[in-house]
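> this one's sequence-less:
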């Protein structure tokens with residue numbers, strides 16, 4: 001049978017309470033019983049001293065015989081509920097009260113043994129050493145038990161040494177051992193008191209357990225019920241239904257977990273959308289060139305395209321093949337970047353040289369679209385420490401993206417600033433811009449804005465994804481800001497090198513200055 005979390009909490013808490021109260025009761029019992037026995041031992045010792053002073057001393061001086069001494073013991077035995085023995089210095093048992101003898105009767109006519117619930121089980125020997133040859137009459141001690149099997153139950157036995165004062169030959173006062181007074185007292189009163197303590201302790205413990213479990217039930221339901229709800233919602237998410245809400249709006253950790261799960265579901269639903277887009281984009285990007293290649297090759301084979309025109313169409317096939325190669329290589333590069341990170345070969349180089357070299361590759365395209373590119377350098381040091389080849393790829397991808405989305409007759413600006421140890425590079429265009437949703441998706445592989453699909457089919461949709469991975473590998477940042485109809489701006493950072501490298505801070509027109 002599977003137990004719920006609430007059941008486990010209850011069982012665990014119950015075990016802890018039982019163990020805790022068990023230790024508490026055991027500790028209180030042992031401590032209380034020891035205190036009661038110690039207190040009773042002290043009382044019996046004081047009474048034994050009084051009896052020795054009044055009765056045993058009279059017996060030792062000859063003013064009292066054994067029968068009178070026993071009678072005296074009987075009187076005190078009834079008062080103390082104890083059996084009293086007098087043992088002389090040689091260990092001989094001289095007189096006893098016979099309080100626990102089941103044949104003796106109290107003054108009320110009832111059996112004293114019956115009152116004490118204790119009885120003697122065997123006849124007493126004449127000497128105490130017959131019980132234990134090592135019995136120490138001169139030591140003040142007590143013990144709990146049946147006293148060598150003499151009694152049918154436990155008694156507290158207190159040994160009280162006795163001495164008499166006398167004068168020696170030099171008329172000096174000396175203490176003469178006179179045996180001991182052995183008092184056996186029932187533990188019935190202690191047992192009754194312990195039972196009272198148990199009953200008194202049990203009720204508060206029971207009340208505490210009831211209150212604790214009531215509070216535990218309230219607290220557990222406030223915790224376990226939301227957890228059960230989260231488990232049910234997670235089950236719905238696992239089945240692909242990401243529209244289910246938890247309905248939990250608390251400000252505690254459970255509420256934070258619920259918010260995180262709802263956010264996760266939202267992202268998973270977008271991921272499903274991204275997956276469909278990914279399949280659609282990659283299918284389109286592979287199908288288009290393959291269709292062109294197949295069509296032209298088939299036309300050349302069946303003679304639709306005459307031999308004198310085949311060179312032109314073979315060049316088209318070659319372009320489509322290069323496009324497929326570029327797409328495949330881009331996929332491999334991006335997977336390598338995401339899985340293992342790029343292999344960086346860090347060197348110190350002038351970032352301005354990278355920009356100039358890269359812009360040379362776009363000069364013809366800018367002239368055809370009548371686009372001008374400006375460089376605004378506001379940094380005194382443009383020497384950076386990075387992988388030159390990969391940073392050139394970043395600049396190439398960003399400029400290619402800017403030129404693609406910038407209409408004819410517009411401008412592109414490259415701004416270089418410095419902030420502490422960082423070089424801040426901005427590439428801003430006057431293109432069509434992007435909405436907020438597009439800005440979140442542009443870093444996704446194969447993502448292409450629909451507005452560009454008919455204008456530029458040469459792109460693979462991997463450039464910005466690769467760009468972000470390269471910048472991330474350099475432990476740098478890249479951000480985008482854009483407004484529809486006003487253009488877009490990409491800003492990334494690079495770490496400056498310690499080597500000096502300065503340029504003028506003036507604006508330069510790098511490409512196609514004739515229009516402006």
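Received, thanks. Predicted model only: the values in this text are computed from it and were never measured.

> distance from the centroid: which residue in the protein tops it?
Most distant residue from the mean C-alpha position of the chain: residue 169, 85.2 Å away (CA atoms, centre = their mean).

> residue 157 is in contact with residue 143, correct?
Yes. Contact criterion CB atoms under 8 Å: residue 143 and residue 157 qualify, at 5.2 Å. C-beta coordinates here come from the backbone N, C-alpha and C atoms, glycine included.

> neighbour-wise, which of the two wins?
Each of residue 143 and residue 157 has its neighbours counted (other CB atoms under 10 Å); residue 157 has more, 24 against 11.

> secondary structure element for that one?
Assessed by DSSP states H and E, residue 157 sits inside strand 155-167.

> longest helix in this structure, by number of residues?
helix 188-238 (DSSP state H).

> parallel or antiparallel, list what pairs with the helix or strand just after the strand holding residue 157.
The helix or strand immediately downstream of strand 155-167 is strand 173-186, counting by DSSP H and E. Strands adjacent to strand 173-186 in the sheet, as given by DSSP bridges, are strand 82-87 (antiparallel), strand 155-167 (antiparallel).

> could you pull up the residues touching residue 230?
Contact partners of residue 230, counting by CB atoms under 8 Å, 6 or more residues apart in numbering, are 246, 248, 254, 257-258, 261.

> can I get these in a markdown table with secondary structure?
Below are the contacts of residue 230 laid out as a markdown table (DSSP: H, G, I helix; E, B strand; the rest coil):
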| residue | secondary structure |
| --- | --- |
| 246 | coil |
| 248 | coil |
| 254 | helix |
| 257 | helix |
| 258 | helix |
| 261 | helix |
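
> want to throw these into JSON lines with neighbour count and pLDDT?
Below are those laid out as JSON lines (neighbours: other CB atoms under 10 Å; pLDDT from 0 to 100):
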{"residue": "246", "neighbour count": "19", "pLDDT": "77"}
{"residue": "248", "neighbour count": "20", "pLDDT": "77"}
{"residue": "254", "neighbour count": "18", "pLDDT": "77"}
{"residue": "257", "neighbour count": "16", "pLDDT": "81"}
{"residue": "258", "neighbour count": "21", "pLDDT": "83"}
{"residue": "261", "neighbour count": "18", "pLDDT": "82"}
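
> among those residues, which one lies nearest to residue 165?
Lowest distance from residue 165 to those (CB to CB) belongs to residue 254, with 82.7 Å.

> the closest one - nearest residue in space that isn't next to it in sequence?
Once flanking residues are discounted, residue 254 sits nearest to residue 226: 4.7 Å by CB to CB, 6 or more residues apart in numbering.

> tell me how far that neighbour lies from residue 255.
From residue 226 over to residue 255 the distance is 8 Å, taken as CB to CB, to the nearest Å.

> got any residues that touch both of these two?
The overlap between the contact sets of residue 226 and residue 255 (CB under 8 Å, 6+ apart) consists of residue 248.

> so the two - more neighbours on which side?
Under the criterion of other CB under 10 Å, the comparison of residue 226 against residue 255 puts residue 226 first, with 19 against 14.

> measure the more buried one to residue 252 for me?
In this view, residue 226 and residue 252 are 9 Å apart by CB to CB.

> same deal with residue 314?
70 Å.

> quick one: the helices in the protein?
Going by DSSP H, the chain shows helices at 5-51, 57-60, 66-80, 112-116, 188-238, 253-301, 310-340, 351-360, 363-369, 388-405, 436-441, 450-453, 463-473.

> the last one relative to helix 388-405, how many degrees between them?
Spelled out, that is helix 463-473. 150 degrees (axes from the mean of the first three to the mean of the last three CA atoms, to 10 degrees).

> so which elements touch helix 463-473?
helix 310-340, helix 388-405, strand 478-483 (3 or more CB pairs under 8 Å, 6 or more residues apart in numbering; DSSP states H and E).

> any idea how many residues pack against residue 98?
20.

> that one is in contact with residue 84, isn't it?
No. Checked against CB under 8 Å, the pair residue 98 and residue 84 is beyond contact range at 9.4 Å.

> which residue is the nearest non-sequential neighbour of residue 120?
residue 100 (5.0 Å).

> and the one you found, how far is that from residue 411?
120 Å.

> likewise for residue 347?
Noted for residue 347: a distance of 32 Å to residue 411, by CB to CB.

> give me the more crowded residue out of the two.
Applying other CB under 10 Å to residue 347 and residue 411 shows that residue 411 carries more neighbours, namely 17 against 12.

> and the nearest residue to that one once chain neighbours are set aside, how many neighbours?
Once flanking residues are discounted, residue 411 sits nearest to residue 372: 5.0 Å by CB to CB, 6+ apart. Around residue 372 there are 19 other residues, counting by other CB under 10 Å.

> quick check: residue 372 touching residue 362?
No. The pair residue 372 and residue 362 does not pass the contact test of CB under 8 Å, sitting 11.6 Å apart.

> what is the burial count for residue 490?
By other CB under 10 Å, the residues close to residue 490 number 23.

> isn't the residue nearest to residue 254 right up against residue 248?
Yes. Between residue 226 and residue 248 there is a contact at 5.3 Å, judged by CB under 8 Å.

> list residues touching both of these two?
Common contact partners of residue 226 and residue 248 (CB under 8 Å, 6+ apart): 254, 258.

> what separates the residue nearest to residue 411 from residue 431, distance-wise?
Distance of residue 372 to residue 431, computed by CB to CB: 13 Å.

> pretty sure residue 350 contacts residue 385?
No. With contact defined as CB under 8 Å, residue 350 does not count as touching residue 385 (11.6 Å).

> quick one: which of the two has more around it?
residue 350 (18 against 15).

> looking at strand pairing, list the partners for that one.
Using DSSP bridges, the bridge partners assigned to residue 350 are residue 383.

> and it, what pLDDT?
According to the predicted model, the pLDDT of residue 350 comes to 92.

> likewise residue 487?
Confidence for residue 487, expressed as pLDDT, is 90.

> what does the one 4 residues further on give?
Residue 491 carries a pLDDT score of 95 in this model.

> likewise for the one 4 residues further on?
Model confidence at residue 495, given as pLDDT, is 92.

> how deep is it tucked in, by neighbour count?
So residue 495, with other CB under 10 Å, has 15 neighbours.

> same thing with residue 360?
For residue 360, using other CB under 10 Å, the count is 10.
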